[in-house]
Structure formats: C-alpha cells, structure tokens
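**Student:** coordinates only, no sequence provided:
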C-alpha cells in the first residue's frame with residue numbers, strides 16, 4: 001500500500017509539473033535564423049536567440065562554403081528551470097542521477113533544443129552547440145570517421161564568445177582526463193564507429209571525447225599543421241571518397257608516430273587558442289517577441305512531446321490545443337501525426353487536410369496529405385499530374401525538403417523517365433548527403449541506366465562506411481551489377497549477425513506487443529514463414545521511405561514491401577526461429593511496360 005501511495009504521489013507531482021509549465025502562455029522570439037520559445041521573459045528569449053546566432057555566424061566564418069539551412073526547422077525551448085525541463089522530457093529525468101543542463105532532439109523533419117536558463121552558460125551551451133555542429137556537418141558531408149565528427153563537435157561547442165568575436169580552442173571540460181587516463185592510440189580511435197563502446201560505454205565515452213577534442217585541436221594548431229590547412233585537405237579527400245587511414249598517412253604521417261607528438265602537445269604548459277574577429281554583431285532589441293495564445297503554447301508543447309515519442313503527454317496537450325482553438329492548423333497537424341502513429345490513416349488524412357486549409361505554410365501536412373492520397377499510387381496520367389503538383393507545392397514551401405525530391409524521382413521512374421529520376425535523386429542526395437540510403441538509391445538508378453561504373457562507386461562508398469541495413473542495401477546493389485562491370489579485385493560482403501540464417505520475402509504482417517505476443521511473418525510465394533523476436537533485436541529500413549525516421553513504424557504500414565530477416569533457427573512448429581534483425585527495403589518502382597493509361 002505504501003508503494004502504491006508513493007507512486008500515486010509521484011504521478012500527481014509529475015502531472016502537476018506539466019500543468020505548471022502550461023499554466024500561462026509562453027513567449028516567442030524570432031531572430032534572423034532561430035525561433036525561441038520561453039516561459040520566462042522576452043529578454044531571456046532574445047539572449048538565447050542571440051547566442052545561437054553567434055554560433056551560426058562562427059560556423060559560417062570558419063566554413064564559408066557550408067550550407068547552414070536545414071529542411072528541419074529548429075525550435076529552441078528556453079526554460080526557466082529544471083522542473084520545466086523535466087516536464088518537457090520526463091523520461092530523461094527518470095534516469096537515475098540525470099541532471100540535464102540542455103538537450104537536443106535531432107530529426108529529419110523537425111528539430112528541438114531545450115536549454116535551462118538556470119544553467120545556460122554553465123553546461124547547457126556545450127550540449128546543444130555540440131548537436132547543432134553535428135547537424136551542420138550532416139548537411140555538408142557525405143561521411144566522416146567518427147573520431148573526426150565527434151572531434152569537430154567537441155572543439156567548436158566549447159567556443160568562448162566575446163564582445164568582439166570568439167575564442168577557438170577553449171579546453172573541453174573533460175580535459176583533466178587527458179592528463180589522468182591512458183591515451184587511446186590513434187589507430188584505435190580511427191576504428192571507432194557509432195556502434196563502438198567508445199560511443200556508448202559511460203566509462204569510455206568521455207575519455208574518447210576528450211581524446212578526439214585533443215586530436216582535433218592538435219590538427220588545427222599543432223606544429224607543422226599549417227593552422228588547420230592540412231586538416232582542410234584531409235577533409236576534402238574524405239569527401240571525394242578517399243580511405244580515411246590512407247588519406248591520414250598521406251597528409252599527417254604515420255599515426256603511431258603522431259601518438260607521441262599528440263601526448264607531448266597535450267602535456268605542454270599551455271595550449272594555443274585563436275581569436276576569431278569581426279563576427280557579425282546582433283542587437284537583441286531587433287528580435288521581435290510576442291506572447292503566444294494558450295492554444296499555440298499547448299500545440300508547441302504537445303508537438304515536442306509528439307516528436308520525442310512521449311505519446312501520452314502529446315495526446316493531452318494536443319487535445320487541449322484543439323479545444324482552446326479548433327482553427328489552429330498546427331494542432332490539427334500534430335493530431336494527424338498522432339493518428340498516423342496509431343494506424344488511423346483515414347483520420348490522419350482528414351487532420352492533415354484541415355491543417356493545410358487553416359495554415360497554408362504547413363508543408364509537412366501538405367506532403368503527408370499528398371503521399372496518403374490515392375493519386376500517389378495511381379497509373380493514371382491525370383492523377384500523376386495532381387500528385388506531382390502536390391510534391392511541387394510542398395517544395396515551394398520548403399525547397400530543402402529532400403523526401404519530396406525522392407518522391408518526384410520515384411514518379412519519374414514509374415513514367416520511365418530515367419534522366420529526370422536521376423536529376424531528382426541527385427538533388428535529394430545533395431540536400432541530405434549524410435543519408436546512406438540516398439547514395440544507394442542514386443546508384444540503383446544509375447544501374448538501371450546501364451552506368452555500371454558509377455553505380456559500383458555508389459555501392460562501394462556506402463558499403464565501406466556504413467553497417468547493418470545501409471551496408472546491406474549497398475551489398476545488394478553491388479551484386480546486381482554484372483560481375484564483368486565491377487571493379488576488378490574488389491568485393492563486398494553482407495553484414496549479418498553472427499551465426500544467423502537469412503530469409504527473404506514480402507512482409508506479410510507484424511504483430512507488436514511484448515516479447516510473448518510479438519511475431520513477424522514473411523510471404524515466400526505460397527508459403528508463410530513466421531518468426532519470434534530475439535533477445536537482441538534490431539530493425540532497419542531504406543532511407544527513401546517517405547514516412548522518414550520520425551514516423552516509420554515496423555508495426556504497420558510496411559506490409560507488402562520486401563524484407564530480409566536474419567534469424568536464429570529453432571525446432572518450434574510455430575516459428576522458423578528468433579529474429580535477430582529485420583531490414584525492410586523500398587525497392588525501385590518497376591519500369592512500365594508501356595506508357596501509363598490516360
């Protein structure tokens with residue numbers, strides 16, 4: 001009884017925190033490139049917006065050729081204190097000992113940052129600027145080794161801004177670990193991937209971050225590094241497809257020799273910093289602020305919960321927003337995404353349609369409405385024209401939105417216009433160069449065009465740099481190229497779990513739930529093969545699925561697509577075994593045998 005009472009009290013306190021955060025309308029501040037929502041004052045919102053503008057200006061100063069505008073708009077929640085932050089993302093605060101100063105939620109369609117104003121400048125800045133720097137890299141690089149990507153983020157996130165500019169090279173807060181922990185050899189650092197313990201093990205991750213910060217600092221300011229010129233050349237070689245280790249030796253020398261030099265550099269009395277002068281200045285008073293309506297506040301808070309998959313709080317806030325203002329387009333859009341998550345497609349279309357009618361700027365509602373329309377799969381020319389117009393209208397609202405270009409490309413394939421399909425695919429690939437599946441998709445089109453050498457290069461590039469589903473898509477592309485047209489002596493192998501068998505077929509059904517209820521079935525001709533869920537289970541999908549990372553769901557809407565199951569066999573009559581990994585493909589549309597019927 002005591003435990004139940006304590007649980008009830010905790011629940012009441014948690015819901016009370018949430019209601020406190022939404023008790024009054026929040027304040028919106030807009031700077032030239034950022035949007036800040038705060039539950040404090042206009043002045044605090046303007047200050048946070050200015051500091052984000054400063055960091056963006058630094059990126060532009062250091063990398064003038066970089067694209068900085070993402071298709072996914074960033075909303076910054078500048079919250080009063082820890083209680084408000086905990087109410088926005090309660091799952092983070094359920095982790096024992098977690099006291100987040102700031103948090104960043106990346107996404108393909110929307111991005112969010114939380115900064116606590118009671119810690120801003122003492123921990124929150126580094127957290128969110130680290131992720132913002134990573135977003136900038138993703139917009140401008142096809143691939144970077146993990147050590148260089150993390151080193152870039154660590155190095156720039158600790159920038160110290162002054163009245164006249166910024167100071168680069170400010171030590172990471174983990175600098176002391178460089179002096180007290182055994183160094184990680186450079187060759188070992190180069191082998192780290194996003195799946196490595198150095199990226200996940202709490203005892204190793206901060207040591208790794210400290211080490212790559214030091215290495216990046218050394219490659220920027222160390223002896224004979226030409227003030228970062230060599231690092232710039234290395235960066236360019238990687239983007240042209242060079243092997244990271246061979247390029248490193250060519251530019252910097254033997255990594256083993258550099259190990260000693262790096263340690264000498266770290267242990268010197270003082271590390272060099274560089275002042276960046278003449279950065280643009282921003283007058284906070286020029287940033288307009290306004291108090292949002294209660295409905296807008298509820299919709300924005302509900303949207304954050306929705307996009308961070310906190311479904312219960314999302315439902316409550318969005319329901320309140322619709323009750324407060326039934327004419328608020330954003331609230332209808334978020335309700336549409338809730339319906340989509342629940343598998344209520346007809347209701348989702350209705351909400352997306354209403355959202356667009358009430359707010360013509362909601363490009364996501366327009367895109368999802370277009371993709372869920374009967375015209376999206378029709379072979380009738382008039383329907384296809386209407387479908388193309390919906391995608392074009394989406395791009396007119398957000399020209400950076402790559403999925404719309406992918407869908408235009410797939411439509412062109414259905415019409416057997418390979419040249420247009422390739423042009424649209426390259427456009428999407430250029431907008432989101434860090435998405436492995438976009439490179440593979442372009443390679444698939446090149447294969448259909450008979451441009452085998454280019455298709456093989458796309459397959460090799462992805463297969464050498466990505467794992468799991470991304471790698472295996474490239475593996476399939478490689479094997480689809482006639483052997484005589486592949487580069488001589490090169491080989492690509494499948495990435496499958498150890499000791500696993502492979503089954504391929506059409507995804508028939510997935511029954512989600514707990515482990516006892518979970519099942520997945522594949523169709524192979526007239527046969528159906530079923531699987532249980534293994535203890536360690538992963539699933540992946542083609543990047544070209546229009547649902548995207550934010551909404552794709554193995555539990556529904558993927559039936560009928562080709563799927564590969566890697567499984568541990570069993571003697572059970574009820575299933576073929578335990579699924580260790582599932583990969584769902586978004587194959588190219590078949591070439592039409594004749595022109596589509598009018």
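**Tutor:** Structure received. Remember, predicted model here, so these are calculated numbers, not experimental data. Numbers count the residues shown, from 1 in each chain.

**Student:** CA atoms for contacts and neighbours, from now on please.
**Tutor:** Will do.

**Student:** state which strand of the chain is the longest.
**Tutor:** Longest strand in the chain, counting residues (DSSP state E): strand 527-541.

**Student:** given that one, what are its sheet partners and their directions?
**Tutor:** Strand 527-541 sits in its sheet next to strand 519-524 (antiparallel), strand 577-584 (parallel), going by DSSP bridges.

**Student:** closest to residue 484 out of those strands?
**Tutor:** Across the strands paired with strand 527-541, residue 484 has its closest neighbour in strand 577-584 (28.4 Å, Cα to Cα).

**Student:** residue 71: what's it in contact with?
**Tutor:** 108, 109, 398, 399, 400, 401, 402 (Cα atoms under 8 Å, 6 or more residues apart in numbering).

**Student:** make it 7 Å
**Tutor:** Counting by Cα atoms under 7 Å, 6 or more residues apart in numbering, residue 71 makes contact with 109, 398, 400, 401.

**Student:** so which of these is the most crowded?
**Tutor:** residue 401 (23 neighbours; other Cα atoms under 10 Å).

**Student:** measure the closest residue to it other than its chain neighbours to residue 242 for me?
**Tutor:** Distances taken as Cα to Cα, 6 or more residues apart in numbering place residue 71 nearest to residue 401, at 5.1 Å, with adjacent residues excluded. Distance, residue 71 to residue 242, using Cα to Cα, to the nearest Å: 28 Å.

**Student:** cool, and residue 583?
**Tutor:** 28 Å.

**Student:** likewise residue 584?
**Tutor:** 30 Å.

**Student:** who has more neighbours, those two?
**Tutor:** Set side by side, residue 584 and residue 242 show more neighbours around residue 584, with 25 against 15, by other Cα under 10 Å.

**Student:** if I look at the more buried one, how far off is residue 523?
**Tutor:** Residue 584 is 13 Å from residue 523, by Cα to Cα.

**Student:** near the residue lying closest to residue 245 once chain neighbours are set aside, how many other residues are there?
**Tutor:** Using Cα to Cα, 6+ apart and skipping residues adjacent in sequence, the residue nearest residue 245 is residue 190, 7.6 Å away. Residue 190: 17 surrounding residues under other Cα under 10 Å.

**Student:** same check on residue 67?
**Tutor:** Here the number of neighbours of residue 67 (other Cα under 10 Å) works out to 15.

**Student:** now residue 99
**Tutor:** Counted by other Cα under 10 Å, the residues lying close to residue 99 total 13.

**Student:** how about the one 3 residues further on?
**Tutor:** By other Cα under 10 Å, the residues close to residue 102 number 24.

**Student:** and the helices in the stretch 51-200 of the chain?
**Tutor:** Remark: helices assigned in the stretch 51-200 of the chain by DSSP state H, counting those that start in this stretch are 82-88, 90-93, 124-140, 146-157, 175-180, 186-190.

**Student:** a markdown table for those helices, including distance to residue 312?
**Tutor:** Listed next are the helices of the stretch 51-200 of the chain as a markdown table, based on distance: least, Cα to Cα, whole Å:
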| stretch | distance to residue 312 |
| --- | --- |
| helix 82-88 | 12 |
| helix 90-93 | 11 |
| helix 124-140 | 26 |
| helix 146-157 | 33 |
| helix 175-180 | 41 |
| helix 186-190 | 41 |
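
**Student:** and the residue nearest to residue 401, backbone torsions?
**Tutor:** phi -70, psi -20 (degrees, to the nearest 10).

**Student:** equivalent analysis for residue 283, please.
**Tutor:** phi -90, psi 110.

**Student:** gap between the residue nearest to residue 401 and residue 153?
**Tutor:** In terms of Cα to Cα, residue 71 sits 21 Å off from residue 153.

**Student:** residue 200 now?
**Tutor:** With Cα to Cα as the criterion, residue 200 and residue 153 are 17 Å apart.

**Student:** of those two, who's got more company?
**Tutor:** Shown here are residue 200 and residue 153; by other Cα under 10 Å, residue 153 has more neighbours (25 against 12).

**Student:** from residue 146, how far out is that one?
**Tutor:** Going from residue 153 to residue 146 by Cα to Cα gives 11 Å.

**Student:** ok, now residue 564?
**Tutor:** Distance from residue 564 to residue 146, by Cα to Cα: 28 Å.

**Student:** quick one: low-confidence ranges for the stretch 301-450 of the chain?
**Tutor:** Along the stretch 301-450 of the chain, the model assigns pLDDT under 70 to no residue.

**Student:** state the distance from the residue nearest to residue 245 to residue 151.
**Tutor:** For residue 190, the distance to residue 151 - Cα to Cα - is 12 Å.

**Student:** and residue 403, by the same measure?
**Tutor:** Taking Cα to Cα, one finds residue 403 at 30 Å from residue 151.

**Student:** pull out the buried positions in stretch 520-530.
**Tutor:** Residues of stretch 520-530 classed as buried: 520, 521, 522, 523, 529, 530 (neighbour count, 16 or more other Cα atoms under 10 Å).

**Student:** could you do stretch 461-475 as well?
**Tutor:** Quick answer for stretch 461-475 (16+ other Cα under 10 Å): 461-463, 466-475.

**Student:** need those in JSON lines (columns: distance to residue 591).
**Tutor:** As requested, the buried residues of stretch 461-475 are exported to JSON lines (distance: Cα to Cα, whole Å):
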{"residue": "461", "distance to residue 591": "26"}
{"residue": "462", "distance to residue 591": "25"}
{"residue": "463", "distance to residue 591": "26"}
{"residue": "466", "distance to residue 591": "29"}
{"residue": "467", "distance to residue 591": "30"}
{"residue": "468", "distance to residue 591": "28"}
{"residue": "469", "distance to residue 591": "25"}
{"residue": "470", "distance to residue 591": "24"}
{"residue": "471", "distance to residue 591": "25"}
{"residue": "472", "distance to residue 591": "23"}
{"residue": "473", "distance to residue 591": "20"}
{"residue": "474", "distance to residue 591": "21"}
{"residue": "475", "distance to residue 591": "22"}
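
**Student:** next one: the helix or strand that the longest strand of the chain is followed by to chain centre, how far?
**Tutor:** Per DSSP states H and E, strand 527-541 leads on to strand 562-569 as the next helix or strand towards the C-terminus. Its chain's average C-alpha position is 26 Å from that of strand 562-569, according to Cα atoms, centre = their mean, to the nearest Å.

**Student:** now the helices of the stretch 51-200 of the chain as a markdown table including distance to residue 294 and mean pLDDT?
**Tutor:** Converted to a markdown table, those look like this (distance: least, Cα to Cα, whole Å; pLDDT from 0 to 100):
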| stretch | distance to residue 294 | mean pLDDT |
| --- | --- | --- |
| helix 82-88 | 16 | 91 |
| helix 90-93 | 22 | 83 |
| helix 124-140 | 27 | 92 |
| helix 146-157 | 34 | 96 |
| helix 175-180 | 45 | 81 |
| helix 186-190 | 50 | 95 |
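
**Student:** nearest to residue 271, of the ones you listed?
**Tutor:** Per Cα to Cα, nearest to residue 271 of the helices of the stretch 51-200 of the chain: helix 175-180, 11.3 Å.

**Student:** who are the packing partners of that closest one?
**Tutor:** helix 202-221 (3 or more Cα pairs under 7 Å, 6 or more residues apart in numbering; DSSP states H and E).
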